[in-house]
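> generate coordinates for the sequence data below:
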Amino acid sequence: MSYTGDVSPGGASDTRELDELTIRKCSVGTMDNNAYLLTSTATGDQVLIDAADDTPRLRALVGEGSGQLQAVITTHQHWDHHRALADIVGETSATTYAGAPDAAALPVAVDRPVEQGDRISVGDIDLDVIRLTGHTPGSIALAWTQRSGRVHLFTGDSLFPGGPGKTNSPVDFGHLIDDLEERVFDVYGDQTWVYPGHGADTTLGAERPHLAQWRTRGW
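Model (predicted):
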């Protein structure tokens, strides 16, 4: 299950074609943030995950799909994940979503603050919200499930190849590693594809053997 294209900053998006959904990934900004565009095969409805930077590039990304944009979801409040949010929302009037504790820190009003267990539905795109406290108070991941049962998980900066995202204290790390174990690794199978906020993809199967090591390593 591979992408086509490349993910270099400013370059063509990587594209993963699935029966029900197309996932496009591009890298933007000085911190090489990943932005993800989900496009429904049936309806053309689109969701952008993290309007991180480079409005012209994100505008082009939307155009690579159907040209419509119904929703923008921000995975967490850190500045590098929402630098283009105000521009994109202003141009498209897309509905905005973010984890409730992070919502006030974003540069636009969040139309629908979300919590653990909520579902975001845009046309026939259904994303389950997973609250992962630790990297920020309101960080969220988003799970989309194919009809085949395979899950695609967009984790922001809470989970990367090689471990959890950065935390600022042992308490924050404890919250994050607990949430990752209980809400991600204990719930989803090894074939779950993980799309982080920076860098390359991974799977839960590739990361699961290292959970104990991560906990011992700490923050």
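> contacts only, for the spatially most central residue of the chain.
Nearest to the mean C-alpha position of the chain, counting by C-alpha atoms, centre = their mean, stands residue 154 at 3.5 Å. Listed by C-beta atoms under 8 Å, 6 or more residues apart in numbering, the contact partners of residue 154 are 36, 49, 75, 141-144, 195. Heads up, the C-betas are built off the backbone N, CA and C, glycines and all.
> which one (most neighbours) among these?
When neighbours are counted by other C-beta atoms under 10 Å, residue 75 leads the contacts of residue 154 with 30 neighbours.
> name the nearest residue to it, sequence neighbours excluded.
residue 156 (2.9 Å; C-beta to C-beta, 6 or more residues apart in numbering).
> now do residue 145 against residue 17, distance only.
Using C-beta to C-beta, to the nearest Å, one gets 17 Å for the distance from residue 145 to residue 17.
> so these two - more neighbours on which side?
Taking neighbours as other C-beta under 10 Å, residue 145 and residue 17 compare with residue 145 leading, 16 against 13.
> the more buried one against residue 127, yeah?
No. In this structure, residue 145 is not within contact of residue 127 by C-beta atoms under 8 Å, at 9.3 Å.
> below-threshold pLDDT in the chain: ranges please.
For the chain, applying pLDDT under 70 flags the ranges 1-12.
> any idea how many residues pack against residue 133?
21.
> from what I see, it and residue 141 are in contact.
No. Judged on C-beta under 8 Å, residue 133 makes no contact with residue 141 at a distance of 11.4 Å.
> residue 88: what's its closest spatial neighbour, skipping adjacent residues?
That would be residue 51: by C-beta to C-beta, 6+ apart, it lies 4.5 Å from residue 88.
> so that neighbour sits in a strand?
No. With DSSP: H, G, I helix; E, B strand; the rest coil as the criterion, residue 51 is assigned coil and is not in a strand.
> okay, it and residue 95: tell me how far apart.
On the measure of C-beta to C-beta, residue 51 and residue 95 end up 13 Å apart.
> good, wrapping up.
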